[in-house]
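**Student:** generate coordinates for the sequence data below:
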Amino acid sequence: MHSYASDSPDRKVVPWVIAAIAVAVAYAYFLASSHFKFLLPWWVEAPSILGVYGAGHWLYDTLLWKKTLFGFHLSQIPNCNGTWYGSIHSSHNSDSQSEGMITIHQTWSKILIEFESTSSSSLSRMASFNITPGISHWLIYEYTSDPRSHSDPAMHAHRGLAFLKLSQSGNRLDGDYYTGRDRGTQGTMKMHLVFRKVLDREDAAHKYSQLQEVRSAADIEK
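**Tutor:** Numbers count the residues shown, from 1 in each chain. Take a look at the predicted model:
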């Protein structure tokens with residue numbers, strides 16, 4: 001996983017909040033130990049400001065940022081963890097269309113975006129999550145792509161950029177992608193969240209098919 005940029009206000013506020021909590025915890029221990037006259041064993045380090053800060057930052061970075069407290073989101077950065085599946089429309093091979101899968105591994109500070117299709121696979125190298133101004137959330141990332149052994153001989157390893165807009169419901173990523181000069185192609189992606197955990201491509205395709213059937217049935221009822 002690699003770091004990613006974000007304009008979310010909590011990127012500036014959270015470190016100070018954790019630092020304040022760390023100072024409060026360390027001072028509370030000092031007061032308690034002084035009042036009750038107790039000491040921890042020599043092999044147990046007393047809670048230090050840096051130690052509590054490190055533990056608090058790790059806890060928030062991996063878990064708490066995804067939670068809500070009394071209806072209040074602890075972070076404005078959307079949680080995109082999970083398996084996304086959908087269609088890819090490419091200008092390569094006369095505007096071909098295929099299916100593909102995106103797997104996102106995300107914490108508050110780090111992310112890794114994996115893409116997989118029948119012809120290639122790719123990994124993100126850098127990314128940003130823009131959430132202001134307005135209600136649109138954009139996931140923008142650079143990736144390196146490698147063709148599979150059975151792919152078109154004209155397909156080479158290349159770099160590219162993807163610009164994906166997260167829907168207000170948080171279960172769809174739609175946008176465009178552009179490849180480097182070696183490929184010189186462009187296209188669109190429409191990805192749907194099919195599961196919050198990592199799935200293989202076969203299971204993801206199955207869940208995507210089920211999702212499409214449910215939507216088709218809902219459209220018929222309308």
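**Student:** OK, contacts around the nearest residue to residue 104 once chain neighbours are set aside?
**Tutor:** Nearest residue to residue 104 in three dimensions, chain neighbours excluded: residue 80, at 4.7 Å (C-beta to C-beta, 6 or more residues apart in numbering). Every C-beta, even on glycine, is put in place using the N, C-alpha and C of the backbone. Shown in contact with residue 80 (C-beta atoms under 8 Å, 6 or more residues apart in numbering): 104, 106, 139, 166, 170, 173.
**Student:** let me know the pLDDT of the first one.
**Tutor:** I take that to be residue 104. For residue 104, the pLDDT comes out at 97.
**Student:** from residue 157, how far out is it?
**Tutor:** Applying C-beta to C-beta, to the nearest Å, the value for residue 104 to residue 157 is 22 Å.
**Student:** again with the fourth one
**Tutor:** Using C-beta to C-beta, we find residue 166 at a distance of 28 Å from residue 157.
**Student:** now for residue 144: which residues touch it?
**Tutor:** 122-123, 125, 157-159.
**Student:** and with 6 Å instead?
**Tutor:** residue 159 (C-beta atoms under 6 Å, 6 or more residues apart in numbering).
**Student:** ok so it is a strand residue?
**Tutor:** Yes: counting by DSSP: H, G, I helix; E, B strand; the rest coil, residue 144 is found in a strand.
**Student:** still on that earlier bit, surely the residue nearest to residue 104 is within a strand?
**Tutor:** No: under three-state DSSP, residue 80 falls outside any strand and is assigned coil.
**Student:** so what pLDDT did it get?
**Tutor:** 95.
**Student:** distance from the chain centre to the top helix by length along the chain, please.
**Tutor:** Longest helix in the chain by number of residues (criterion: DSSP state H): helix 10-36. With C-alpha atoms, centre = their mean, to the nearest Å as the basis, helix 10-36 stands 30 Å off its chain's centre.
**Student:** stretch 101-114 now?
**Tutor:** Taking mean C-alpha positions (C-alpha atoms, centre = their mean), stretch 101-114 and its chain are 4 Å apart.
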